[in-house]
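S.K.: give the three-dimensional model of this entry:
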Amino acid sequence: MVGSSWNFGSELAGGVHAARSGVAPAVRGGSDAPSRLNSVLDDTLVDTGHEPVRRLAGVLLGTLIDERYLVRRRIGRGGSAEVYGVLDQDLGLERALKLLTPRVGRDTAEARFHQEIRLCQALRHRNLVRVFDAGVWEGRLYYTMELLAGIDLREYLQLAPGRGIALRPALEIAMGIADGLVAVHAEGIVHRDVKPANVQLVPGPERVKLVDFGIAFAGHLALDLTEPDVVVGTPAYVSPERITSSRPPTPQADLYSLGVILYEMLAGHRPFEGPSVAGLFDRIVKEPAPPLRQWVPDLPWELEGLIEGLMAKRPCDRPTNAAYTLRRLQALVDEL
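M.R.: Sure, this is the predicted structure:
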């Protein structure tokens with residue numbers, strides 16, 4: 001397991017610092033790498049409520065929520081929720097507050113939000129965002145969580161689009177994701193939306209935080225609140241079996257997404273792209289990923305095998321669990 005002293009390499013720390021100053025990080029790869037997918041393929045098919053701000057948020061700065069949380073800034077907004085940076089006036093601490101937005105299908109949205117709160121409160125791990133409190137304000141559900149500094153992995157990769165990052169920081173990010181997934185899967189939960197936008201890179205010994213459990217699946221809950229016959233998740237990171245089958249997702253679906261993220265970090269682009277969601281799904285289901293070694297000639301053979309295993313078409317051909325994946329990643333880091 002990754003201990004509390006675990007750190008990113010200097011290249012990644014420098015990259016996060018560069019993001020704040022507007023300077024691109026150290027990267028690898030060339031300008032001939034395939035372009036990124038259309039923005040339509042970046043969107044989550046079922047709202048997770050933690051997307052970047054795309055329109056004006058509904059709560060004014062300076063608003064006092066529930067006579068306790070003073071709204072200081074807007075962080076993000078999706079189709080189902082808004083996220084704000086707030087000051088907890090009772091404790092004098094900065095928090096993030098996620099607030100359900102009024103919308104059609106209110107009962108389902110509220111039930112899903114209640115489920116998200118329940119799942120998040122059950123999870124305690126250094127690589128998972130921590131939830132503190134929940135309540136109702138003006139008829140709208142909310143919960144508070146730790147306010148994370150730094151940038152998300154999508155923002156970090158966009159500092160130098162089309163070019164991969166160095167091996168050590170890529171492995172260390174993957175280790176943080178895998179370590180978080182160990183805790184998630186131990187609670188019988190499948191995240192279902194593991195993607196760069198849901199991986200926060202933060203200062204301190206933890207460094208990686210997996211966020212946003214808005215569409216997570218828990219086998220022990222009696223109700224799956226997603227729509228039937230809808231593929232839940234972000235298209236480029238969805239596993240083949242979740243495209244072709246309506247069966248409940250397994251932890252191997254999250255491991256597939258981790259494999260796609262690892263591929264993207266190293267190559268500078270995703271393994272599959274297409275002109276539409278349908279075209280992308282067809283490639284994910286039917287085609288092998290282009291060899292990563294095309295863009296990373298010095299890729300360790302052990303890592304190449306691990307990524308191929310994570311992205312195997314059949315869940316049974318992927319690693320047994322996140323803990324095994326974490327041990328493999330740790331062994332690769334130890335050899336650098």
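S.K.: which stretches of the protein form strands?
M.R.: Using DSSP state E, the strands of the chain run over residues 64-65, 69-77, 81-88, 93-100, 131-137, 140-146, 151-152, 189-190, 199-201, 208-210, 217-218.
S.K.: kindly reformat those as JSON lines containing mean pLDDT and distance to V260.
M.R.: Where you see a C-beta, it was placed from the backbone N, CA and C, and this is true even at glycine. Shown next, in JSON lines, are the strands of the chain (pLDDT from 0 to 100; distance: least, CB to CB, whole Å):
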{"stretch": "strand 64-65", "mean pLDDT": "96", "distance to V260": "37"}
{"stretch": "strand 69-77", "mean pLDDT": "91", "distance to V260": "22"}
{"stretch": "strand 81-88", "mean pLDDT": "93", "distance to V260": "25"}
{"stretch": "strand 93-100", "mean pLDDT": "94", "distance to V260": "26"}
{"stretch": "strand 131-137", "mean pLDDT": "93", "distance to V260": "27"}
{"stretch": "strand 140-146", "mean pLDDT": "93", "distance to V260": "26"}
{"stretch": "strand 151-152", "mean pLDDT": "90", "distance to V260": "16"}
{"stretch": "strand 189-190", "mean pLDDT": "93", "distance to V260": "16"}
{"stretch": "strand 199-201", "mean pLDDT": "94", "distance to V260": "12"}
{"stretch": "strand 208-210", "mean pLDDT": "94", "distance to V260": "15"}
{"stretch": "strand 217-218", "mean pLDDT": "86", "distance to V260": "19"}
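S.K.: A253: which of the ones you listed is closest?
M.R.: With CB to CB, the closest approach to A253 among the strands of the chain belongs to strand 189-190: 6.1 Å.
S.K.: R327: which of the strands of the chain is closest?
M.R.: The nearest among these, by CB to CB, is strand 208-210 at 16.9 Å.
S.K.: quick one, what contacts the closest residue to P271 other than its chain neighbours?
M.R.: Once flanking residues are discounted, P271 sits nearest to A289: 3.7 Å by CB to CB, 6 or more residues apart in numbering. Taking CB atoms under 8 Å, 6 or more residues apart in numbering, we find A289 in contact with Y263, P271, F272, E308, M311.
S.K.: those in helices, which ones?
M.R.: Within the contacts of A289, residues falling in helices by DSSP state H are Y263, E308.
S.K.: PyMOL command for the buried members of the contacts of A289?
M.R.: Buried residues within these, by 16 or more other CB atoms under 10 Å, are selected in PyMOL with:
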select buried, resi 263+271+272+308+311
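S.K.: can I get the contacts of A289 in JSON lines with distance to V184 and pLDDT?
M.R.: What follows is these, written out as JSON lines (distance: CB to CB, whole Å; pLDDT from 0 to 100):
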{"residue": "Y263", "distance to V184": "21", "pLDDT": "97"}
{"residue": "P271", "distance to V184": "23", "pLDDT": "96"}
{"residue": "F272", "distance to V184": "25", "pLDDT": "95"}
{"residue": "E308", "distance to V184": "23", "pLDDT": "97"}
{"residue": "M311", "distance to V184": "20", "pLDDT": "98"}
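S.K.: can you pick out the most distant pair from the contacts of A289?
M.R.: Going by CB to CB, the pair spanning those furthest: F272 and E308, at 14.0 Å.
S.K.: show me this structure divided up by domain.
M.R.: Per the record, the chain has its domains at 10-46+150-334, 64-146, by automatic domain parsing.
S.K.: still on that earlier bit, distance check, the residue nearest to P271 against R318.
M.R.: Relative to R318, A289 is positioned 13 Å away (CB to CB, to the nearest Å).
S.K.: also G188?
M.R.: 18 Å.
S.K.: got it, and S239?
M.R.: 9 Å.
S.K.: which non-adjacent residue is nearest the residue nearest the centre of the chain?
M.R.: Closest residue to the average C-alpha location of the chain: N198 at 2.5 Å, with CA atoms, centre = their mean. In space, and not counting its chain neighbours, N198 is closest to D212: 4.7 Å by CB to CB, 6+ apart.
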